[in-house]
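S.K.: sharing a model prediction with you, sequence too.
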Amino acid sequence: MIMYRKARLADVEEMLDLVQFFADKGLMLPRSRHALYEGIREYRVARAGDKLVGIGALRVLWRDLAEIRTLATAEEYQKQGVGREIVRLLLAEAEEMECASVFTLTYQARFFEMMGFRRVEKDSLPQKVWQECINCVKFPNCDEIALVREV
C-alpha cells in the first residue's frame, strides 16, 4: 500500500537520489541537497513501506500563481497512479490556499495534459522567469514545456 504525506527531513536523501536518477537521464532538472532541505515544507512524498516511491512540490510564486515542481515517481511504480495522486494532492493544496492557477515546466507534457493542464508560452509566466529561471543553467535556452491549469 502506498502512503502519501508531507515530506520530512529524514526523506531528503532518498528524494535527492530519486531526482538525481531522472536528472542523469535528462528527464528532469537536478535539485541540490540544500534546495531540498530549504524547500522541504513544499514537498509531498509517496512511500511504499520503507521505500520512497514518489515526490512532488508546490511552490507559491505570487498571490494567484503556484508551481508544481520536482515531480518524480520511481520507475517500478510508474503507471500506477502515484504521480497523479501527488499532483491531485498538490492541486487540492493550491485550491485550499485559494490560488487561482498552477503551472509546471516539464519534459513530460502529456502526463500533465491528461491532468487538465494546457500548454502556454513561458513568457506568460514572468514571475517564474525572473524569480528562478534566470539562475538556471538552461536560461535563456530552456527546453522545458510550460503548462498551466486553473484551480
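M.R.: Thanks, I have the structure now. Numbers count the residues shown, from 1 in each chain.

S.K.: now the longest helix anywhere in the chain: mean pLDDT?
M.R.: Longest helix of the chain, by residue count under DSSP state H: helix 82-96. The predicted model gives helix 82-96 an average pLDDT of 98.

S.K.: same deal with stretch 125-136?
M.R.: Stretch 125-136 comes out with an average pLDDT of 59.

S.K.: in its sheet, what does the one helix or strand residue 103 maps to sit against?
M.R.: Using DSSP states H and E, residue 103 sits within strand 101-106. Sheet pairing here is set by DSSP bridges, and for strand 101-106 it gives strand 65-73 (parallel), strand 145-150 (antiparallel).

S.K.: which of these is buried the deepest?
M.R.: strand 65-73 (a mean of 23; mean count of other Cβ atoms under 10 Å). Placement of C-beta: from N, CA and C, glycine included.

S.K.: in the protein, what spans have low per-residue confidence?
M.R.: 126-142 (pLDDT under 70).

S.K.: ok, 90 please
M.R.: Applying pLDDT under 90 to the chain flags residues 26, 28-30, 61-63, 107, 121-145.

S.K.: which stretches in it count as helices?
M.R.: Using DSSP H, the helices of the chain run over residues 12-24, 33-38, 82-96, 109-113, 126-131.

S.K.: with mean neighbour count and distance to residue 69 added, can I get those helices in a markdown table?
M.R.: Output for these, formatted as a markdown table (neighbours: other Cβ atoms under 10 Å; distance: least, Cβ to Cβ, whole Å):
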| stretch | mean neighbour count | distance to residue 69 |
| --- | --- | --- |
| helix 12-24 | 17 | 10 |
| helix 33-38 | 14 | 10 |
| helix 82-96 | 18 | 9 |
| helix 109-113 | 16 | 12 |
| helix 126-131 | 15 | 10 |
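
S.K.: quick one: closest of those to residue 61.
M.R.: Comparison of the helices of the chain against residue 61 by Cβ to Cβ identifies helix 126-131 as nearest, at 4.6 Å.
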